[in-house]
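S.K.: heads up, no residue letters with this:
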């Protein structure tokens with residue numbers, strides 16, 4: 001059964017760090033680009049970052065550039081999102097998703113989604 005499972009969310013103070021993981025099962029991760037999205041209450045889901053199949057290309061939303069780093073370990077079938085210098089506006093449910101093709105910001109470019117992990121940045 002094809003699955004994406006996010007983990008690593010939690011409550012962190014402003015300026016703190018978290019590392020999210022996206023574990024894939026039921027398919028070979030190597031063949032797919034993977035994206036991270038987030039959705040805050042009352043807002044639309046937005047793209048945060050995306051990594052190409054081999055990891056040679058990465059993309060970031062302007063709001064997280066220089067603070068977040070996406071990486072992947074295909075041997076472990078896992079994609080990571082290292083989040084540093086977190087701000088209250090980063091508070092959201094974070095989702096990973098499998099891209100239909102190359103990295104895109106549209107949610108319709110992704111065919112499978114995880115259940116999400118909550119990230120709360122607050123003092």
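M.R.: Nice, thanks for sending it over. This one's a predicted model, so the numbers in the text were calculated from it and none came from an experiment.
S.K.: work out for me the element the nearest residue to residue 11 once chain neighbours are set aside sits within.
M.R.: Of all residues beyond its chain neighbours, the one nearest residue 11 is residue 120 (4.7 Å), with distances taken as C-beta to C-beta, 6 or more residues apart in numbering. Every C-beta, even on glycine, is put in place using the N, C-alpha and C of the backbone. For residue 120, the enclosing helix or strand under DSSP states H and E is strand 117-121.
S.K.: how far off centre is that strand?
M.R.: When C-alpha coordinates are averaged (C-alpha atoms, centre = their mean, to the nearest Å), strand 117-121 and its chain have centres 12 Å apart.
S.K.: and it, which strands flank it?
M.R.: Within its sheet, strand 117-121 is paired with strand 10-12 (parallel), strand 92-99 (antiparallel), according to DSSP bridges.
S.K.: now the closest residue to residue 61 other than its chain neighbours. Its backbone dihedrals?
M.R.: Closest residue to residue 61 apart from its sequence neighbours, by C-beta to C-beta, 6+ apart: residue 48 at 5.4 Å. Note on residue 48: backbone dihedrals following degrees, to the nearest 10 are phi -110, psi -50.
S.K.: give me the beta-bridge partners of the spatially most central residue of the chain?
M.R.: The C-alpha lying nearest the average C-alpha coordinate of the chain belongs to residue 36 (C-alpha atoms, centre = their mean; 2.5 Å). Taking DSSP bridges as the rule, residue 36 bridges to residue 49, residue 96.
S.K.: I figured it hits residue 70, correct?
M.R.: Yes: under the criterion of C-beta atoms under 8 Å, residue 36 lies in contact with residue 70, with a separation of 6.5 Å.
S.K.: shared neighbours of those two, which are they?
M.R.: 49, 50, 79, 81 (C-beta atoms under 8 Å, 6 or more residues apart in numbering).
S.K.: count the neighbours of the first one for me.
M.R.: What that stands for is residue 49. Neighbour count for residue 49, taken as other C-beta atoms under 10 Å: 24.
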